[in-house]
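A.B. asks: return atomic coordinates for the entry below.
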Amino acid sequence: MNQRKRFLIIFLVLILVLSVSGCKKKESRLVDGFYSVEMSDYSHGWKEFVTIRVSGSKIVTVEYNARNASGFIKSWDIPYMRNMNENKGTYPNRYTRTYAANFLAAQSDKGIDTVSGASSSGANFQKMAALLMEKARKGDTSLGIVESEE
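C.D. replies: Sure, this is the predicted structure:
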């Protein structure tokens, strides 16, 4: 009888632990789809954006960049790249890929290190990544807007 009670208690505790861990997994599960977020305003003539694709509940692609009012992509601006690289030691095509790769590897908006020379873009990226994760958990594919600090 004593062994039976002990077995029953262990069995109930095991079920409780499994049900709680199952709830946590369900909360963090990402819904397959495309999700896009952008900053609310242009900064120095550029509006940053991030787009992710989720498949099999995992982020499979990340695009991070900025565009000007005419739609020209910041990473394609060679004179801007040369000037920024000279002054900051990095440039848009480098730091946008670094942030995107870190986000993809982490599968989370947590723990993405700031790139030296691109810290304000890093802060914006963190905010956009956090909103993307929120939208992907809900399956909300509408365009997300992050308020600019400026």
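A.B. asks: distance of the most centrally placed residue in the chain relative to Phe72?
C.D. replies: For the chain, Ala129 is the residue whose C-alpha lies nearest the centre (CA atoms, centre = their mean; 2.9 Å). The gap separating Ala129 from Phe72 is 24 Å, by CB to CB, to the nearest Å. From N, CA and C alone the C-beta is placed, and that goes for glycine too.
A.B. asks: over to Gly111?
C.D. replies: 32 Å.
A.B. asks: which of those two has more neighbours?
C.D. replies: Counted by other CB atoms under 10 Å, Gly111 and Phe72 do not tie: Phe72 has more neighbours, with 13 against 9.
A.B. asks: phi, psi for the more buried one please.
C.D. replies: Backbone torsions for Phe72, taken as degrees, to the nearest 10, come to phi -70, psi 130.
A.B. asks: if you count neighbours, what's buried in stretch 45-63?
C.D. replies: Neighbour counts using 16 or more other CB atoms under 10 Å place 46-52, 54, 59, 62 of stretch 45-63 among the buried residues.
A.B. asks: out of those residues, who's nearest Arg97?
C.D. replies: Proximity of the buried residues of stretch 45-63 to Arg97, judged by CB to CB, is greatest for Val62, which lies at 9.4 Å.
A.B. asks: the closest one is in what secondary structure piece?
C.D. replies: For Val62, the element it lies in under DSSP states H and E is strand 58-67.
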